[in-house]
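Engineer: this one's structure only:
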């Protein structure tokens with residue numbers, strides 16, 4: 001597909017609506033020669049982001065037609081058909097991918113996620129309230145399995161039960177606890193599956 005020349009496209013859009021480039025420049029709060037110089041002299045080389053957005057909104061076109069960059073492709077995170085217990089203990093379901101959720105790639109970079117090492121699972125139970133509530137979806141970074149001494153939220157497996165708990169390193173051992181003081185203590189051998197790095201919650 002041939003690339004769109006934003007200058008030619010702007011001229012075409014203006015002509016189709018019977019708008020002069022001077023009038024459009026005035027609409028942007030610019031001097032009357034602003035868009036004429038952009039179209040005929042290539043100055044500025046690119047429209048300012050705000051100007052491009054206002055023009056694309058006015059003409060009802062995608063900003064890429066006026067020189068904007070295409071939105072980056074999303075970062076796909078598989079959604080797993082398992083629930084992590086935040087209650088008395090629910091056995092893990094069969095780990096099956098039931099789809100994928102697309103995260104903004106900039107967010108994925110900020111979270112330090114890497115392809116193939118993240119998953120989305122649902123929270124069950126109340127032991128991590130108020131931070132995590134029954135039904136919440138959480139993004140788990142499976143590449144981060146070494147808890148620190150301060151205590152951070154991780155998905156763990158204890159005696160075959162997959163759960164989400166606050167996990168910390170205490171001396172040479174790993175200790176897990178619940179945020180809800182009414183929850184029972186966690187006992188058993190702890191296997192860290194990954195760190196919870198993002199909460200995806202529908203408004204309540």
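Structural biologist: It's in. Quantities reported herein were computed from a predicted structural model and do not represent experimental measurements.

Engineer: can you tell me what sits against whichever strand or helix holds residue 140?
Structural biologist: Residue 140 is located in strand 137-141, with elements delineated by DSSP states H and E. Residues outside strand 137-141 that contact it (Cβ atoms under 8 Å, 6 or more residues apart in numbering): 77, 79, 84, 103, 111-113, 117-123, 132, 155, 164, 193-201. C-beta coordinates here come from the backbone N, C-alpha and C atoms, glycine included.

Engineer: switch the cut-off to 7 Å
Structural biologist: The set of residues that contact strand 137-141 without belonging to it, under Cβ atoms under 7 Å, 6 or more residues apart in numbering, is 77, 111-113, 117-123, 132, 155, 164, 193-200.

Engineer: buried residues in it?
Structural biologist: 138, 139, 140, 141 (16 or more other Cβ atoms under 10 Å).

Engineer: what of stretch 5-13?
Structural biologist: Of the residues in stretch 5-13, those buried under the neighbour-count criterion (16+ other Cβ under 10 Å) are 6, 7, 9, 10, 11, 13.

Engineer: now it: how far from the chain's centre is it?
Structural biologist: Stretch 5-13 sits 33 Å away from the centroid of its parent chain (Cα atoms, centre = their mean, to the nearest Å).

Engineer: pLDDT wise, what is the residue nearest to residue 123 when sequence neighbours are not counted at?
Structural biologist: With sequence-adjacent residues excluded and distances taken as Cβ to Cβ, 6 or more residues apart in numbering, residue 123 is closest to residue 136, at 4.4 Å. Note for residue 136: predicted pLDDT of 90.

Engineer: contacting residues for residue 4?
Structural biologist: By Cβ under 7 Å, 6+ apart, the residues touching residue 4 are residue 65.

Engineer: need the pLDDT of it.
Structural biologist: 81.

Engineer: secondary structure class for it?
Structural biologist: Residue 4 falls in the coil class when you classify it by DSSP: H, G, I helix; E, B strand; the rest coil.

Engineer: returning to what we had before: what packs against the very next helix or strand once past the strand holding residue 140?
Structural biologist: Going down the chain from strand 137-141, the next helix or strand is strand 152-158, by DSSP H and E. The contact analysis (3 or more Cβ pairs under 7 Å, 6 or more residues apart in numbering; DSSP states H and E) places strand 152-158 against strand 161-170, strand 190-200.

Engineer: any idea of the mean pLDDT for the shortest one?
Structural biologist: The average pLDDT within strand 161-170 is 91.
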